[in-house]
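turn this into a structure:
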Amino acid sequence: MSSSVDNEIDALRIRLAQLLDPSAYPSLSEARRVQEEYGTSVPLPARIERTSVALGGVPTERLSPDDTTGQRALLFLHSGGYTSGTAADHVALTAHLALAADAVGYVPEYRRAPEYRFPAAVEDAMDSYRALLEGGFSAEEIVVAGDSAGGGMAVAVAQQAAARGLRKPAGIYVVSPWVDLTVTNASYNLRGPHDPMLSRTALADMAHAYLNGADPRNPLASPVFGDFSGFPPLLIHVGADEVLLDDANALAAEASRTGTDVTLRVWARMIHMFPWFHTHLRAGRTAIAQAGAWMVDVMAGQLHSTTTTDAHRLLET
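Numbering: from 1, shown residues only. Modelled structure (predicted):
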């Protein structure tokens with residue numbers, strides 16, 4: 001007898017098959033259209049005020065729950081392989097996370113390739129984070145989050161903060177993080193047959209468009225090769241059926257080696273950035289709730305970036 005999880009993910013796979021062929025990634029304009037059409041079709045939750053602001057000169061969507069104190073901030077960096085995606089197609093997900101974390105959500109419209117090459121996207125992310133600090137938020141009350149390429153940028157922001165004279169955020173939450181633009185991890189082959197959205201070829205093309213000849217091992221592009229000393233608490237959600245599974249595993253391993261509090265959860269049968277599909281997947285809604293509770297804890301100082309005996313906590317699938 002099929003479970004509700006099986007039924008939900010199977011139905012979503014059928015829908016995705018009608019839109020995407022991961023072995024033959026669509027043209028850039030088509031990829032952008034598909035992501036924006038789906039993301040903007042998801043309604044905002046109730047009790048959210050949406051406004052357009054600028055963070056460090058970066059156009060940004062601000063999502064404010066009507067009962068929040070406004071003292072906590074969630075900076076969310078959207079997916080799209082550095083070439084697609086918009087702030088608008090991630091406002092619904094960010095709004096749900098903001099509600100769960102009792103925080104104000106911000107989604108920057110960072111510059112995309114190929115119009116703007118590396119490191120334009122991550123520099124916009126850094127400018128947005130700096131603007132939150134300068135705007136009155138304390139670092140202890142900011143979580144930086146992101147999915148896919150946005151997850152990679154979220155990690156890079158935490159790594160770069162100290163180097164640029166900024167305090168590190170309270171925590172980092174990433175979904176299906178793309179943190180290694182060398183596109184060499186074993187999960188490309190092992191999980192490729194199960195991934196309905198991405199392939200090694202598609203991601204290699206996007207990395208090429210963004211990097212434009214830059215070294216893919218540069219930590220600004222591939223933060224898994226960066227410095228994790230003093231890294232803030234890290235929560236990673238990833239699907240078992242996606243090619244970026246080993247990016248998430250490598251990120252957890254590298255961060256935990258320096259004593260970082262890391263929670264890695266691999267979700268059975270789930271696919272790339274599954275919380276984005278929260279209207280279709282109960283697992284997506286559960287992930288949002290769990291992330292919200294975790295963010296409340298880190299912004300309340302209940303998790304720390306200092307070394308602990310429980311530095312790497314691997315949750316069961």
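
give me the spatial nearest neighbour of residue 78, chain neighbours excluded.
Nearest residue to residue 78, sequence neighbours excluded (C-beta to C-beta, 6 or more residues apart in numbering): residue 90, at 4.1 Å. Quick note: C-beta positions are derived from backbone N, CA and C, even for glycine.

secondary structure class for residue 140?
Recorded secondary structure, residue 140: helix (DSSP: H, G, I helix; E, B strand; the rest coil).

swap in residue 272?
Look at residue 272: counting by three-state DSSP, its state is coil.

one step back: the residue nearest to residue 78 and residue 74 touch, don't they?
No: contact criterion C-beta atoms under 8 Å: residue 90 and residue 74 do not qualify, at 11.5 Å.

list the contacts of residue 82.
The contact partners of residue 82, by C-beta atoms under 8 Å, 6 or more residues apart in numbering, come to 112, 113, 118, 121, 149, 206, 207, 209, 210.

among those residues, which are located in helices?
121, 149, 206, 207, 209, 210 (DSSP state H).

which of the residues you listed sits closest to residue 276?
residue 149 (13.0 Å; C-beta to C-beta).

around that closest one, how many other residues sit close by?
Residues within reach of residue 149, counting by other C-beta atoms under 10 Å, total 32.

cool, residue 285 as well?
Residue 285 has 16 neighbouring residues, counting by other C-beta under 10 Å.

quick one: the strands in the stretch 1-150 of the chain?
Here the stretch 1-150 of the chain has its strands, by DSSP state E, counting those that start in this stretch, at 48-55, 58-65, 73-77, 104-108, 142-147.

dump these to TSV, plus mean pLDDT, mean neighbour count and distance to residue 94.
Putting the strands of the stretch 1-150 of the chain into TSV (pLDDT from 0 to 100; neighbours: other C-beta atoms under 10 Å; distance: least, C-beta to C-beta, whole Å) gives the following:
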stretch	mean pLDDT	mean neighbour count	distance to residue 94
strand 48-55	98	15	9
strand 58-65	98	21	5
strand 73-77	99	29	4
strand 104-108	98	28	4
strand 142-147	98	28	8
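
and the ones you listed: which comes nearest residue 17?
Nearest of the strands of the stretch 1-150 of the chain (C-beta to C-beta): strand 142-147, 20.9 Å.

okay, the strands of the stretch 1-150 of the chain in a markdown table with distance to residue 240 next?
As requested, the strands of the stretch 1-150 of the chain are exported to a markdown table (distance: least, C-beta to C-beta, whole Å):
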| stretch | distance to residue 240 |
| --- | --- |
| strand 48-55 | 31 |
| strand 58-65 | 30 |
| strand 73-77 | 24 |
| strand 104-108 | 27 |
| strand 142-147 | 16 |
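
tell me the pLDDT at residue 314?
Residue 314 carries a pLDDT value of 32.

which of the contacts of residue 82 lies closest to residue 58?
Nearest member of these to residue 58, counting by C-beta to C-beta, is residue 121, at 10.3 Å.

now the nearest residue to that closest one once chain neighbours are set aside: how far from residue 154?
Distance criterion C-beta to C-beta, 6+ apart; nearest residue to residue 121, sequence neighbours excluded, is residue 110 at 4.8 Å. Look at residue 110 and residue 154: by C-beta to C-beta, to the nearest Å, they are 12 Å apart.

more neighbours, those two?
More crowded of residue 110 and residue 154, by other C-beta under 10 Å: residue 154, with 31 against 28.

ok, the ones in helices among the contacts of residue 82 vs residue 189, which is closest?
Distances from residue 189 to the ones in helices among the contacts of residue 82, taken by C-beta to C-beta, are shortest for residue 207, at 17.2 Å.

hmm, back to that, considering the ones in helices among the contacts of residue 82, which possesses the most neighbours?
That'd be residue 149 among the ones in helices among the contacts of residue 82, by other C-beta under 10 Å, with 32 neighbours.

tilt between the longest helix along the chain and strand 142-147?
Scanning the chain for the longest helix, with DSSP H as the assignment, gives helix 282-299. Inter-element angle recorded for helix 282-299 and strand 142-147: 160 degrees (by axes from the mean of the first three to the mean of the last three C-alpha atoms, to 10 degrees).

mind listing what's buried in helix 282-299?
The neighbour-count check on helix 282-299 (16 or more other C-beta atoms under 10 Å) flags 283-285, 287-288, 290-292, 294-299 as buried.

next one: it to chain centre, how far?
Relative to its parent chain, helix 282-299 has a centroid offset of 13 Å by C-alpha atoms, centre = their mean, to the nearest Å.

no more questions from me, cheers.
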